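*Asks:* The following block contains a protein sequence and its predicted model.
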Amino acid sequence: MARELRLNAFAMNCVGHQSQGLWRHPRDRSADYWRMDHWIELARLLERGRFDGLFLADVVGVYDVYGGSPDTALRDAVQVPTNDPLLVIPPMAQATEHLAFAVTVNLSHEPPLPFARRMSTLDHLTGGRIGWNIVTGYLDSGSKGAGRGKQAAHDTRYEIAEEFMDIQYSFWEGSWEDDAVRRDREAGVFTDPAKVHRVVHEGEYFKVDGIHLCEPSPQRTPVLYQAGSSSKGVAFAARHAECVFVGGHSRSKMAADVARLRALAVEAGRAASDLSVFALATVITAPTDEEAQAKFEDYQAYASKAGALALLSGWTGIDLANPDLLAAGAAGGNAIQGAAAAFTSGGPSRHRDLDSIAQSAALGGGGPVLVGGPQRVADELEAWAAEADLDGFNLAYALMPETFADVVDHLVPELQRRGRFKTDYAPGTYREKLFGRGPRLEETHPAAARRRRMPSRAPVTAA
């Protein structure tokens, strides 16, 4: 029997996300991103549709590669202005019971201890419904804005990430023992000092000496997402990720990529099924194929090719305002290497034609746009899942919230009718809902080693 599909809504705390220029459409409400009720209403809609989670993208920096200036990004609202994605999660969690939240945070700009505390706090406030999409960044503008100058080289960023993850695992999994918190009013002991341990780390990129500031949260470590597509990124995902986000327009290539990813996870001592793989897609649906096609054509009239090229320039590190640079390629570039390769090598010639690239990316970004009535779209999703060995999809929007409302009202009932989507939520934390096991990371995950190896230290005493 075919497994149930997972669905995440893919959004960002900004105006334009994956579909550039659609903010101009009279029915689009993405410009209300700064309003709390905008996010609360979205969360309630998604929970009504039994979505597994809301996957919040983020970028620290502005898309200023195109033409060497941020002007196009600012003019066309290409993921700018953008607000902090973490701060919209608590009100959405308060308004829902089951919907989970996977949030993107760039570790390159994060001090280890404050970051560990923010994620533990969110895990507490959401009752264990938080995930972290691990990214290392790709925009020099973000690194410069964070006070670090030009960002580190691509492979170096993954070396930094490995060290950062080891520290986080030590904080989340090893600093506080399970029974450290006593809450003993009569004895006057809230926490047993003997069961709280220092994390001492001296590495190439970080020096840490301290205890985690939070008591253990429901999951301890948030559900871990990763979306790297370079050789370094895929190897990192195979070691650390529980959920992997993939993109692309070719089923066969995606199938090969997913097979390689699962094989690497097995080599790392994990099971292939320890990874839940989500593919990017944009669904444009309506009660009939004809109505969906009309909606798609309506959306296309608002798409911005210039905005799409500004977005892709940031992703690839190639200034697409200069066609000669596209022909030169970006092998070994310092941005998103998988995005650069998709447009500079190995694909059909249309992928190297700027007009075709812009037209393709303006609506839906880096994934397929599936247009049709519920039956046609469900067939397409099932075909992608079967050929590429996918567990689910991150569904981007064309219009906010219309795209998600159409999925909830039309597509979800069809998937449920086929037995491919849940009719109700399972109990428990995000990890329990996804994998049907306990709230903690599995023993084969590298974080578990931090649990086992944490030595018994002297009690923490005041200075």
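*Replies:* Yes, it's here. Residues are numbered from 1 along each chain as shown.

*Asks:* make it CA atoms for all contacts and neighbour counts henceforth
*Replies:* OK.

*Asks:* SS state for the residue nearest the centre of the chain?
*Replies:* Nearest to the mean C-alpha position of the chain, counting by CA atoms, centre = their mean, stands Asn133 at 4.3 Å. Look at Asn133: counting by DSSP: H, G, I helix; E, B strand; the rest coil, its state is strand.

*Asks:* so where's the chain uncertain?
*Replies:* 142, 325-352, 452-463 (pLDDT under 70).

*Asks:* Verify the contact between the residue nearest to the centre of the chain and Pro222 for me.
*Replies:* No. Here Asn133 does not reach Pro222: they are 9.5 Å apart, not a contact under CA atoms under 8 Å.

*Asks:* rewinding a little: next up, the contacts around the residue nearest to the centre of the chain.
*Replies:* Ala102, Val103, Thr104, Val105, Leu224, Tyr225, Gln226, Ala227 (CA atoms under 8 Å, 6 or more residues apart in numbering).

*Asks:* between those residues, which is nearest Arg117?
*Replies:* Distances from Arg117 to the contacts of Asn133, taken as CA to CA, are shortest for Val105 (13.4 Å).

*Asks:* State the number of residues packed around that closest one.
*Replies:* Neighbour count for Val105, taken as other CA atoms under 10 Å: 23.

*Asks:* same deal with Lys150?
*Replies:* Residues near Lys150, counting by other CA under 10 Å: 13.

*Asks:* let's number from 54 now, not from 1
*Replies:* Noted, 54 is the first residue going forward, which turns the last one into Lys203.

*Asks:* in the stretch 254-403 of the chain, which spans are strands?
*Replies:* 260-263, 276-279, 296-299, 329-338 (DSSP state E, counting those that start in this stretch).

*Asks:* Can you tell me what sits against the first one?
*Replies:* When you say that, I think you mean strand 260-263. With CA under 8 Å, 6+ apart as the test, strand 260-263 has contacts from Arg251, Val252, Val253, His254, Glu255.

*Asks:* got it, and the last one?
*Replies:* If you take CA under 8 Å, 6+ apart as the criterion, strand 329-338 is touched by 59, 295-301, 311, 344-345, 348-349, 417, 419-427, 430, 442-451, 456, 459-460, 463-464.

*Asks:* Okay, and which of these map to helices?
*Replies:* Counted as lying in helices by DSSP state H, out of the contacts of strand 329-338, are Val311, Glu344, Ala345, Lys348, Phe349, Pro427, Val430, Thr456, Asp459.

*Asks:* In a helix, Gln221, correct?
*Replies:* Yes. Under three-state DSSP, Gln221 sits within a helix.

*Asks:* Wait, Lys248 touches Gly227, no?
*Replies:* No. Shown here, Lys248 and Gly227 do not form a contact pair, counting by CA under 8 Å, at 9.9 Å.

*Asks:* who has more neighbours, those two?
*Replies:* Remark: of Lys248 and Gly227, Gly227 carries more neighbours, 29 against 19, as counted by other CA under 10 Å.

*Asks:* Chain neighbours aside, what residue packs nearest to the more buried one?
*Replies:* Arg504 (4.8 Å; CA to CA, 6 or more residues apart in numbering).

*Asks:* what about that neighbour, which helix or strand?
*Replies:* Assessed by DSSP states H and E, Arg504 sits inside helix 499-506.

*Asks:* elements contacting that helix?
*Replies:* Counting contacts by 3 or more CA pairs under 8 Å, 6 or more residues apart in numbering; DSSP states H and E, helix 499-506 is packed against helix 207-222.

*Asks:* Tell me the helix or strand right after the helix it packs on.
*Replies:* Of the helices and strands lying after helix 207-222 in sequence (DSSP H and E), the nearest is strand 234-237.

*Asks:* Walk me through which strands that next one pairs with, and which way each runs.
*Replies:* Sheet pairing of strand 234-237 (DSSP bridges) gives strand 242-244 (antiparallel).

*Asks:* Give me the buried positions along the partner strand.
*Replies:* Across strand 242-244, burial judged by 16 or more other CA atoms under 10 Å covers Thr244.

*Asks:* residues in contact with that strand?
*Replies:* Outside strand 242-244, the residues that touch it by CA under 8 Å, 6+ apart are Ala233, Val234, Arg235, Arg236, Asp237.

*Asks:* nearest to Pro499, of those?
*Replies:* For the contacts of strand 242-244, the nearest to Pro499 is Ala233 (22.7 Å; CA to CA).

*Asks:* Only whichever of the contacts of strand 329-338 are buried, select them in ChimeraX.
*Replies:* Of the contacts of strand 329-338, the buried ones can be selected in ChimeraX as follows, counting by 16+ other CA under 10 Å:
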select :59,295,296,297,298,299,300,301,311,345,348,349,417,419,420,421,422,423,424,425,426,427,430,442,443,444,445,446,447,448,449,450,451,456,459,460,463,464
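
*Asks:* got the CA positions of the helix holding Arg504 in CSV?
*Replies:* Extracted in CSV, the C-alpha atoms of helix 499-506 (Å, rounded to 0.1, in the frame of the first residue of the first chain):
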residue,chain,number,x,y,z
PRO,A,499,24.8,11.8,15.9
ALA,A,500,23.0,13.9,18.6
ALA,A,501,22.5,10.7,20.6
ALA,A,502,26.2,10.4,21.1
ARG,A,503,26.0,13.7,23.0
ARG,A,504,23.5,12.1,25.3
ARG,A,505,25.5,9.0,26.0
ARG,A,506,29.0,10.6,26.3
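
*Asks:* That one relative to helix 207-222, how many degrees between them?
*Replies:* Taking axes from the mean of the first three to the mean of the last three CA atoms, to 10 degrees, one finds helix 499-506 and helix 207-222 inclined to each other by 40 degrees.

*Asks:* Identify each buried residue in helix 499-506, please.
*Replies:* So, applying 16+ other CA under 10 Å, buried residues of helix 499-506: Pro499, Ala500, Ala501, Ala502, Arg503, Arg504.

*Asks:* related to what we said a few turns ago, how about the contacts of Asn186 in JSON lines, adding distance to Ala290?
*Replies:* Listed next are the contacts of Asn186 as JSON lines, based on distance: CA to CA, whole Å:
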{"residue": "Ala155", "distance to Ala290": "16"}
{"residue": "Val156", "distance to Ala290": "16"}
{"residue": "Thr157", "distance to Ala290": "15"}
{"residue": "Val158", "distance to Ala290": "15"}
{"residue": "Leu277", "distance to Ala290": "9"}
{"residue": "Tyr278", "distance to Ala290": "8"}
{"residue": "Gln279", "distance to Ala290": "6"}
{"residue": "Ala280", "distance to Ala290": "7"}
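
*Asks:* wait, which of these is closest to Ser194?
*Replies:* Val158 (15.9 Å).

*Asks:* so how far is Leu317 from that closest one?
*Replies:* Plainly put, Val158 is 24 Å away from Leu317 if you go by CA to CA, to the nearest Å.

*Asks:* Kind regards, and thank you for your time.
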